[in-house]
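Asks: fold the following and give me the result.
(2 chains)
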Amino acid sequence: MSDTAWIDAALTSARPQAVGALLRYFRNLDTAEEAFQNACLRALKSWPQNGPPRDPAAWLIMVGRNVAIDDIRRGRKQEPLPEDDKISDLDDAEEALAERLDGSHYRDDILRLLFICCHPDLPPTQQIALALRIVSGLTVKQIARAFLVSEAAMEQRITRAKARVAGASVPFETPGAVERSERMIAVAAMVYLIFNEGYSASGDTAEIRQPLCEEAIRLARLLLRLFQSEPEIMGLTALLLLQHARAAARFDAAGAFVLLDDQDRSLWNQKLISEGLALIDKAMRHRRSGPYQIQAAMAALHARAARPEDTDWTQIDLLYGALEIMQPSPVVTLNRAVAVSKVRGPEAALEMIEPLAERLSNYFHFFGVRGAFLMQLGRNDEAREAFGRAIALANTSAEAAHIRMHLDRLMRDSQPPETKISKK
Amino acid sequence: MLYAILCYHDEDCVGSWTKEQDAAVMQKLAVVQDKLTQQGRLGPVARLLPTTAATTLRKENPPVVIDGPFAETKEQLLGFYIVDCKNLDEALAVARDLGEANPGGAYEIRPVGVLIPGSIATGSIAI
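Replies: This is a model prediction of the structure:
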């Protein structure tokens, strides 16, 4: 690996910690980001000549802090300097190193930085964009590409989000245990959103959006290092790893979505799967279940099945039952019905989803799943009608194409036998 | 004499390599490994999963299980085992048995991501 590639990787990995600490000093996101940028520029000059520092994050924090303070002193004399106790000891390298050893301090810095991005005033799309820009350090261009919008639109979205969080007051004191855990839960939800943004891509955009999944996994691992004993963070990380492990098998060469049952399982990434399984194992020992752990456990049952018919649907049904109690939602019940159809047949599954019809009347998957159950029962006319509604509600061309495949099959099956023979 | 070569690196940094960068490094390493394999000098090689997947057993009485990697600096790495286990509980049971035979210190339990068994013919090695 070349020098610059090594430096790039070091800067990327040091970023959350360094920007988090700089934000604590300056209490202003723009100043903190600018300070980090300046420190990176110096690193690019200094590290190739002098070799990498022992602790890149501590180096970047110290240099970033000093450069920013110089800038404030030189250029903006009219503006008052931050109070010294807020900036803390300016030139004391030893103190910076002592701080480095204080893990909990850094943990709160990074958590605060992530937490600012998921401010409740921000709509989810802005939260994600802000986190990718500030915490992950992706360029506006990269984020715009992943979101399939123009660079100008993304620039505007991020600027707006920044303005909003700048006006909101985020406490800089060390959070208490309850507050820390609330922040952790909010941040975990945002990491999951980032992942889903990439995961819900259709075949033609999957490759462009894949970095979102990778970035979410990186952030989840970061969270897990900050909260080593939190089973839900282990569950979240495992869930993302196990889902992402299937990335290469989820779309065919033409970009069409491939159902789990039809995926080429040899394309699944075994390294990610073993990491995910190891994390669930760790989480389970705590006997403190939660939604991420349950979903990860379901993903694990799929990952462990060498062939679709080896899948332990009974266990998946039980896990959905537990998830329904924790997070009651018609969508969870709908997903459970798929497991039920495998265990007890399509009739029981259909019965289970009928009460959801009203609440899910605008939900693509409801009609897709309903149509599939009806088709299995040989109620083809009703199935056709359900598929028709699904196509009308499809969000992407891939979703519509997938349903059309079912319809084509119905059409073939319902043709009179002699037509079939004459076609051959 | 057999030598163990233990690999240390900044995990954050290695973790932020792109797939291509990672593959490039692994390929360069494979060249070195292949040469040693042909000479019959390479023993097992393991790439461990990230420390986030680690669990530590402190060999106290009774032993204490801690999430995360071994983090003390006053103890040194003195050896390692590779054990085939169904799950973490099984691995912890093995570690507990070992800990009873040799109390004090700690075992860090890390899942192995990649294992190359190697080509050393143990009979011919003078230790």
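Asks: residue 75: neighbour count?
Replies: As the question left the chain open, I've gone with chain A. 9 (other Cβ atoms under 10 Å in any protein chain shown). Yep, even glycine has a C-beta here, placed from its N, CA and C like the rest.
Asks: looking at chain B here, not the other one
Replies: Neighbours around residue B:75, by other Cβ under 10 Å: 10.
Asks: let me know whether it touches residue B:104 as I believe.
Replies: No: counting by Cβ atoms under 8 Å, residue B:75 does not reach residue B:104; the two are 9.0 Å apart.
Asks: from the centroid of chain A, which residue is nearest?
Replies: When Cα atoms, centre = their mean is applied to chain A, the residue found nearest the centroid is residue A:195 (2.2 Å).
Asks: show me what contacts residue A:227?
Replies: Applying Cβ atoms under 8 Å, 6 or more residues apart in numbering or on different chains to residue A:227 gives the contacts A:107, A:184, A:233.
Asks: out of those residues, which is most surrounded?
Replies: Result: residue A:233 is most packed of the contacts of residue A:227 (other Cβ under 10 Å), 29 neighbours.
Asks: one step back: which residues touch the residue nearest to the centre of chain A?
Replies: A:212, A:213, A:216, A:217, A:220, A:240, A:243, A:244 are the contacts of residue A:195 under Cβ under 8 Å, 6+ apart.
Asks: one more time with 7 Å
Replies: A:212, A:213, A:216, A:240 (Cβ atoms under 7 Å, 6 or more residues apart in numbering or on different chains).
Asks: check the offset of the helix or strand containing the second one from the chain's centre.
Replies: In other words, residue A:213. When elements are assigned from DSSP states H and E, residue A:213 belongs to helix A:206-226. In this view, helix A:206-226 has its centroid 6 Å away from the chain centroid, taken as Cα atoms, centre = their mean, to the nearest Å.
Asks: likewise stretch A:203-218?
Replies: Centroid separation between stretch A:203-218 and its chain, computed with Cα atoms, centre = their mean, is 9 Å.
Asks: how far away is residue A:293 from chain B?
Replies: Residue A:293 is 14 Å from chain B, where distance means Cβ to the nearest Cβ, to the nearest Å.
Asks: low-scoring stretches of the stretch 1-150 of chain A, by residue?
Replies: A:1-3, A:76-104 (pLDDT under 70).
Asks: ok, residue A:326 - contacts?
Replies: Residue A:326 neighbours (Cβ under 7 Å, 6+ apart): residue A:291.
Asks: model confidence for it, exactly?
Replies: On pLDDT, residue A:326 comes in at 95.
Asks: who in the stretch 1-150 of chain A is up against chain B?
Replies: A:1, A:5, A:9, A:10, A:12, A:13 (Cβ under 7 Å from any Cβ of the partner chain).
Asks: swap the cut-off to 10 Å and go again
Replies: A:1-2, A:5-17, A:52, A:55-57, A:103, A:136 (Cβ under 10 Å from any Cβ of the partner chain).
Asks: out of those residues, which are inside helices?
Replies: Among these, the ones falling in helices (DSSP state H) are A:5-17, A:56-57, A:103.
Asks: between the residues you listed, which is closest to residue A:343?
Replies: Nearest to residue A:343, judged by Cβ to Cβ, of those is residue A:16 at 43.6 Å.
Asks: pull up the gap between that closest one and residue A:63, please.
Replies: Distance of residue A:16 to residue A:63, computed by Cβ to Cβ, to the nearest Å: 17 Å.
Asks: who has more neighbours, these two?
Replies: residue A:16 (26 against 21).
Asks: same list (the contacts of residue A:195) but as TSV, adding pLDDT.
Replies: Output for the contacts of residue A:195, formatted as TSV (pLDDT from 0 to 100):
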residue	pLDDT
A:212	89
A:213	93
A:216	94
A:240	98
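Asks: any quick ChimeraX command for the buried ones out of those residues?
Replies: To isolate the buried members of the contacts of residue A:195 in ChimeraX, using 16 or more other Cβ atoms under 10 Å in any protein chain shown:
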select /A:212,213,216,240
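Asks: low-confidence ranges, chain B, go.
Replies: For chain B, the ranges with pLDDT under 70 are B:122-127.
Asks: just the strands in it please.
Replies: Using DSSP state E, the strands found in chain B span residues B:45-48, B:55-58, B:64-67, B:106-109, B:112-116.
Asks: give the other helices and strands that the fourth one contacts.
Replies: Using 3 or more Cβ pairs under 10 Å, 6 or more residues apart in numbering or on different chains; DSSP states H and E, the elements in contact with strand B:106-109 are strand B:55-58, strand B:64-67, helix B:88-101.
Asks: Serialize the ones you listed to a markdown table and add fields for mean neighbour count and distance to residue A:350.
Replies: Shown next, in a markdown table, are these (neighbours: other Cβ atoms under 10 Å in any protein chain shown; distance: least, Cβ to Cβ, whole Å):
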| stretch | mean neighbour count | distance to residue A:350 |
| --- | --- | --- |
| strand B:55-58 | 20 | 44 |
| strand B:64-67 | 15 | 43 |
| helix B:88-101 | 16 | 40 |
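Asks: okay, these in TSV with distance to chain A next?
Replies: Shown next, in TSV, are those (distance: least, Cβ to the nearest Cβ, whole Å):
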stretch	distance to chain A
strand B:55-58	6
strand B:64-67	4
helix B:88-101	4
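Asks: I'd like those as JSON lines, with distance to residue A:321 appended.
Replies: JSON lines is the format used below for the helices and strands packed on strand B:106-109 (distance: least, Cβ to Cβ, whole Å):
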{"stretch": "strand B:55-58", "distance to residue A:321": "29"}
{"stretch": "strand B:64-67", "distance to residue A:321": "28"}
{"stretch": "helix B:88-101", "distance to residue A:321": "24"}
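Asks: can you list contacts of whichever helix in chain B runs longest?
Replies: Counting residues, the longest helix found in chain B (DSSP H) is helix B:19-38. By Cβ atoms under 10 Å, 6 or more residues apart in numbering or on different chains, the surrounding residues in contact with helix B:19-38 are A:1-2, A:5-6, A:8-9, A:210, A:214, B:7, B:14-18, B:41-43, B:45, B:47, B:114, B:116, B:118-120.
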